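Undergrad: sharing a model prediction with you, sequence too.
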Amino acid sequence: MSENKKLPIGSVIGILGGGQLGRLLSISASQLGFKTHIFDPDPKAPAKQVTNLSSTFDYKDKRALENFANSVDVITFEFENIPVETIQICAELTSVFPNVNALSICQDRTNEKKFLNEMNIPSSPFVPAKSFQEILQSVHVLEPPLILKSSRFGYDGKGQKIIYSKEEIEGAASEFNDRPVILEKLIDFNLEISIIICRDMFGKIAVFDPAENLHENGILIESKVPASIPFSLASDAILIASKIVNALEYVGVMGIEFFVTKENKLLVNELAPRVHNSGHWTQSGCLINQFEQHIRAISGWPIGNGKRHSNVLMQNVLGSNVKLLDRNSNSSTNIYGKDDPKDGRKMGHKNYIR
Ligand code: ATP
Ligand code: MG
């Protein structure tokens, strides 16, 4: 797509994945005058409540994917666990952003860690392991405390186990049934931050201010801006994020999570090749939020500058808390339209001006 080939109003944006991120992307796309087509195997996927077209098929259904790709003008995805083959089928027929190489690196922690190491970007020390035996061996290389993470399909801290001593390794390893994993040093960090960055198809970059994130049991509870970090650290995080999206020739929004160590050093925790929960504050803190920014980038439209006009606190609404939700007017409220408020499930979020 060249600069004079912006997607015209009325074009159809295809979104693989119909969770809350797909839903919020779909709303932003319609605000820009686009139509959307959500592809998700779940007929009740939340994004299907706010889209013009939807398809309910497995991500491996080639015929359905071809029909989907032929019905849209550009394709994106809202989560990283979309099979690479799915993207390859779509990319034969239409443009897909972000690219498949970025997806395959970011959907597998082993690939992601190797990529970061090759780029000399600091992250926590790790060893990959592909079997029960390899996990047992790895404690000879890295001393506990460690965190064992499945290499793929983890989210909200699922598929993770903390190992405090060598004695715990066998029990932990047995839970992973020879699935590929990584063992990572458990970092005693000061705080967690994230950068939401956008790169357009012409190589222009825009960054939102770093958010300070609070997790409990691996689940994001709240994000706030500005983060309580020095300017120099914020600049370093922005430089690292820019290096990553440039190296991947990335188009769209990416979320990058960091640990800030006790020594005020940055370690990249993980890369999310999509809009990110810790960027929901941008809906209340920026003229163009992360969802509109992503749709603009993949459509060849000019992207916003990322400047923050307000200080924001974003709080997730988890599980049955959604039933108690106070819909007062001192916050902006987003409810995702999910039926089943299971414990820890992300049901919505609220933004407050701080
Ligand atoms: P999500 O995709 O929802 O961000 P996830 O399941 O992919 O989460 P991570 O981001 O790797 O998992 O971990 C979730 C949280 O667990 C982190 O934000 C952090 O609070 C904690 N954590 C993860 N890795 C480490 C580590 N090496 N040291 C200390 N804490 C960690
Ligand atoms: Mg994470």
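TA: Right, received. Where do you want to start? Ligands and ions are numbered 1, 2, ... in the order given.
Undergrad: contacts only, for Met254.
TA: If you count contacts by C-beta atoms under 8 Å, 6 or more residues apart in numbering, Met254 has them with 98, 102, 196-199, 241, 244-245, 271-274, 276. To be clear about C-beta, it is placed using only N, CA and C from the backbone, and glycine gets the same treatment.
Undergrad: ignore what I typed, I meant Gly10.
TA: Applying C-beta under 8 Å, 6+ apart, the residues near Gly10 are 33-35.
Undergrad: buried stuff in stretch 79-89?
TA: Buried positions in stretch 79-89, judged by neighbour count with 16 or more other C-beta atoms under 10 Å: 79-80, 82, 86-87, 89.
Undergrad: which one of these is nearest ligand 2?
TA: Glu80 (10.9 Å; C-beta to the ion).
Undergrad: gap between that closest one and ligand 1?
TA: 8 Å (C-beta to the nearest ligand atom, to the nearest Å).
Undergrad: likewise Ala297?
TA: 21 Å.
Undergrad: am I right that that residue is in a helix?
TA: Yes - assessed with DSSP: H, G, I helix; E, B strand; the rest coil, Ala297 lies in a helix.
Undergrad: re the thing from before, mind checking which of the contacts of Gly10 are in strands?
TA: Judged by DSSP state E, strands contain the following of those: Lys35.
Undergrad: about what we covered before: between the contacts of Met254, identify the one with the most neighbours.
TA: Ile196 (30 neighbours; other C-beta atoms under 10 Å).
Undergrad: okay, and which of the buried residues of stretch 79-89 map to helices?
TA: 86-87, 89 (DSSP state H).
Undergrad: about what we covered before: neighbour count, distance to Val253 and pLDDT added to the contacts of Gly10, as CSV?
TA: Output for the contacts of Gly10, formatted as CSV (neighbours: other C-beta atoms under 10 Å; distance: C-beta to C-beta, whole Å; pLDDT from 0 to 100):
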residue, neighbour count, distance to Val253, pLDDT
Gly33, 11, 19, 98
Phe34, 23, 16, 98
Lys35, 18, 20, 98
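Undergrad: what's the neighbour count on the closest residue to Ser151 other than its chain neighbours?
TA: Spatially, and ignoring its direct neighbours in sequence, Ser151 is nearest to Pro180 (4.1 Å; C-beta to C-beta, 6 or more residues apart in numbering). A count of nearby residues for Pro180, using other C-beta under 10 Å, gives 16.
Undergrad: tell me which residues of the longest helix seen in the chain come out buried.
TA: Secondary structure of the chain per DSSP H: the longest helix is helix 231-247. By neighbour count on 16+ other C-beta under 10 Å, the buried set for helix 231-247 is 233-234, 236-238, 240-241, 244-245.
Undergrad: stretch 329-340 too?
TA: For stretch 329-340, by 16+ other C-beta under 10 Å, it's 331, 334, 336-338.
Undergrad: same list (those residues) but as JSON lines, adding distance to ligand 1 and pLDDT.
TA: Supplementary listing: the buried residues of stretch 329-340 in JSON lines, determined by distance: C-beta to the nearest ligand atom, whole Å; pLDDT from 0 to 100:
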{"residue": "Ser331", "distance to ligand 1": "22", "pLDDT": "95"}
{"residue": "Asn334", "distance to ligand 1": "17", "pLDDT": "97"}
{"residue": "Tyr336", "distance to ligand 1": "15", "pLDDT": "98"}
{"residue": "Gly337", "distance to ligand 1": "20", "pLDDT": "97"}
{"residue": "Lys338", "distance to ligand 1": "16", "pLDDT": "97"}
